[in-house]
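K.L.:
everything below, folded, please.
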Amino acid sequence: MNKIEDDQAAEVMTILTALDRWLQVTDEQAHLWANVLNAKKVHLADAQEAAYRLITNREKADATPGLLLGEIQKMRAERIKAGERYLLPPDRGLVSEDGDREVSLYPDWYRAAKRYLGDGMDTEAAMGAADADFQASRRMLGPSTKHTIGELMQGRGTA
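P.N.:
Below is the predicted model:
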């Protein structure tokens, strides 16, 4: 994750001045906002998108880091909800040896995949990134041996 610099935080704050005309974009305030956003591990693109969403969805509000963080959480939750049901765990590699017993790493893999979805990855990319985190592997399926719809229809004289 890239650290948000003070000038980038100032850009986000400048966007929010459309929402809160009393928001002062000073070096000190930008440094404070950057520290808060970095402490919460916010991506710059998410902060900018959340700022634009706030100014388009609200008439007026006090622009604070907390308001921005709340909008970022909503965005991430929407992304996760949209792709979560399509997550498929890998076939192999989600079991580790923990002393005398095997421990499933599926909950950790699932959390990682959801985090990647929240970061804006599509479902395939999120699963691939989570697989890479856990050195998990997926089976590669060969071509289908079934007949295609066209082949089946030709047999009936309709194609």
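
K.L.:
point out where this protein drops to low pLDDT.
P.N.:
1, 97-102, 139-159 (pLDDT under 70).

K.L.:
sketch out the helices for it, chain order is fine.
P.N.:
6-16, 27-39, 44-57, 65-83, 106-118, 123-133, 149-155 (DSSP state H).

K.L.:
now distance to R92 too, for these, in a markdown table please.
P.N.:
For the C-beta atoms, the positions are set from N, CA and C on the backbone; glycine is no exception. Compiled in a markdown table, the helices of the chain are given as follows (distance: least, CB to CB, whole Å):
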| stretch | distance to R92 |
| --- | --- |
| helix 6-16 | 41 |
| helix 27-39 | 37 |
| helix 44-57 | 33 |
| helix 65-83 | 23 |
| helix 106-118 | 12 |
| helix 123-133 | 10 |
| helix 149-155 | 33 |
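
K.L.:
now tabulate these in TSV and tack on mean neighbour count.
P.N.:
Converted to TSV, those look like this (neighbours: other CB atoms under 10 Å):
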stretch	mean neighbour count
helix 6-16	19
helix 27-39	16
helix 44-57	17
helix 65-83	16
helix 106-118	18
helix 123-133	18
helix 149-155	10
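
K.L.:
closest to G93 out of those?
P.N.:
helix 123-133 (7.6 Å; CB to CB).

K.L.:
could you say what helices and strands that closest one packs with?
P.N.:
Packing partners of helix 123-133 (3 or more CB pairs under 8 Å, 6 or more residues apart in numbering; DSSP states H and E): helix 106-118.

K.L.:
so what touches the helix it packs on?
P.N.:
Here helix 106-118 makes contact (CB atoms under 8 Å, 6 or more residues apart in numbering) with 76-77, 79-80, 82-84, 87, 89-90, 94, 123, 125-127, 129-131, 133-134, 136.

K.L.:
and Q135, how far from G93?
P.N.:
For Q135, the distance to G93 equals 6 Å [CB to CB, to the nearest Å].

K.L.:
looking at those two, which is more packed in?
P.N.:
Between Q135 and G93, G93 has the larger neighbour count (other CB atoms under 10 Å), namely 15 against 10.
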